[in-house]
Each structure stands twice: as structure tokens, then as C-alpha cells.
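S.K.: My questions are about this predicted structure, shown below with the sequence.
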Amino acid sequence: MPDVDYALARNNMVDGQIRTADVTDPALIFALRSVPREGFVPAALRSLAYMGEGVEAAPGRQLMDPRVFAKLVIAADVRATDKVLDVGGGTGYSAAILARLAADVVALEEPLLAPIAREHLAATGVQGVEVVAGPLNQGWAGAAPYDVIFLNGAIAVQPEALLAQLAPGGRLVGIVTDKAAGKAHIFVKSVAGVSSRIAFDASVAPLPGFAAAPHFAF
């Protein structure tokens, strides 16, 4: 297989996949051009990192389709002063992008993947990210509240524990599945409670720990 020009592939991803999805925010575009997506997937799959679909980052886990990922980041309205909880970021790519947009990022992963995320983030020189390990559906209360909570996969139940960790005015974004259909939801916390709206249709791999409880019919 010939050598891949990853810098060219990265720019082609931005111009051919991200911008055409109506994502034009300058800070996000700069981050997507700057962070080497191929550095967060196994070496054997690096040539697939910019193919415009989800790519396996670890067994049972994927980096999201770049278009879906970028649109979710825009939906989260990440600001330079925000504290972000990145839930299920796998090997660290999403945290690397979010760290270029926000003040602080806490990346929550399962115990087996957290050290891999730390390794990849260090190897790519990313700063401003604290990687922690624990159950994804419980969030990370020790650093709460968060201005943004970003879910790196589909969920089938409302993430109550995570919503409780949002600051007033905070946003939680992720793909919620209902009868196999996936839709990007934006949850916003206010003094009156939590409201939600649908931003767009999307299909991504499920996030561990957020499956719906079995339903038995009699």
C-alpha cells in the first residue's frame, strides 16, 4: 500500500466532508485541520481514518463519522471559557479537538481505554485534558458542574446522572436512538429543569452503559 499523505487527507476531509455539511466555524475547522485523526486509531487502520465514516479505534469502539462529530460539536456551542466532560472518547481524538475549543476538558473512559487515551494525547502534544476512568453512564461528579457534556456514541436512555452534572445553562449533546433511528439531541439545563430538542438525524455506534432496559411483553 502506498504511503498516505495524512496532512492532505485531513484537509480533504475538512473541505469535502465537513464544510459540505454546513460546518464552517473557524475554530473547529482549525482544530480539525490540526489534530492528526490517524494518530488515534490502530496503525493498521490509519489509512481509513479520513474515509468519511466511523473507524474502529479499539475493540467495540469507533471514532465517529467526521461529519456527525463536527455537527455535534457545533450543536454543543463550545465556548473558550467552558469546562467540558467528554464521555466515551475512546482513544482521545474527541478530547483533542475539544481541548482546542474549551478551557478545560475531562475525558471519561472505561479503565482499559483510559491509559490508551492518555498515551495518544501525550504523543500528539495535547494539553488541557484530564483523562479519568469509570462507568460512562455515571459521568464524573468530582469535577462537575460542566458547561458541556459530549457523548461519543448513541444512547437509548436519557442520561440522568450526566444531566445532573450540568451547570445552569449547560448543554449535553449526543445521538439518541429510538427503534433503531438515531437523532442528535441537545439537552439544555436551566433553573426550571432540562429541555431538549432534536438537531439532525444521525447513526453512530452505541456507547457502552446506555442501553435501554429489557422490555418483556406478556
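M.R.: Okay, I see it.

S.K.: before we move on, which element is the residue nearest to Ala107 when sequence neighbours are not counted in?
M.R.: In this structure, Ala107 finds its nearest non-sequential neighbour in Ala95, 4.0 Å apart by Cβ to Cβ, 6 or more residues apart in numbering. (Each C-beta comes from the backbone N, C-alpha and C, glycine too.) Ala95 is located in helix 93-99, with elements delineated by DSSP states H and E.

S.K.: Which of the helices and strands in this structure ranks last by mean pLDDT?
M.R.: Taking mean pLDDT, DSSP states H and E as the measure, the helix or strand of the chain with the lowest value is strand 55-58, at a mean of 87.

S.K.: What is that strand packed up against?
M.R.: In terms of contacts (3 or more Cβ pairs under 8 Å, 6 or more residues apart in numbering; DSSP states H and E), strand 55-58 is packed against strand 61-63.

S.K.: ok, then the element right after the strand it packs on?
M.R.: Next along the chain after strand 61-63, taking DSSP H and E as the criterion, comes helix 66-76.

S.K.: what about this structure, any weak spots by pLDDT?
M.R.: When residues are selected by pLDDT under 70, those of the chain lie in 1-2, 213-218.

S.K.: shouldn't Val194 be in contact with Ile186?
M.R.: No: judged on Cβ atoms under 8 Å, Val194 makes no contact with Ile186 at a distance of 10.7 Å.

S.K.: mind listing the strands for this protein?
M.R.: 55-58, 61-63, 83-87, 104-109, 129-133, 146-155, 166-178, 181-190, 193-201 (DSSP state E).

S.K.: Tabulate the ones you listed in JSON lines, adding columns for distance to Ile74.
M.R.: Below are the strands of the chain laid out as JSON lines (distance: least, Cβ to Cβ, whole Å):
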{"stretch": "strand 55-58", "distance to Ile74": "21"}
{"stretch": "strand 61-63", "distance to Ile74": "17"}
{"stretch": "strand 83-87", "distance to Ile74": "14"}
{"stretch": "strand 104-109", "distance to Ile74": "17"}
{"stretch": "strand 129-133", "distance to Ile74": "20"}
{"stretch": "strand 146-155", "distance to Ile74": "12"}
{"stretch": "strand 166-178", "distance to Ile74": "9"}
{"stretch": "strand 181-190", "distance to Ile74": "10"}
{"stretch": "strand 193-201", "distance to Ile74": "9"}
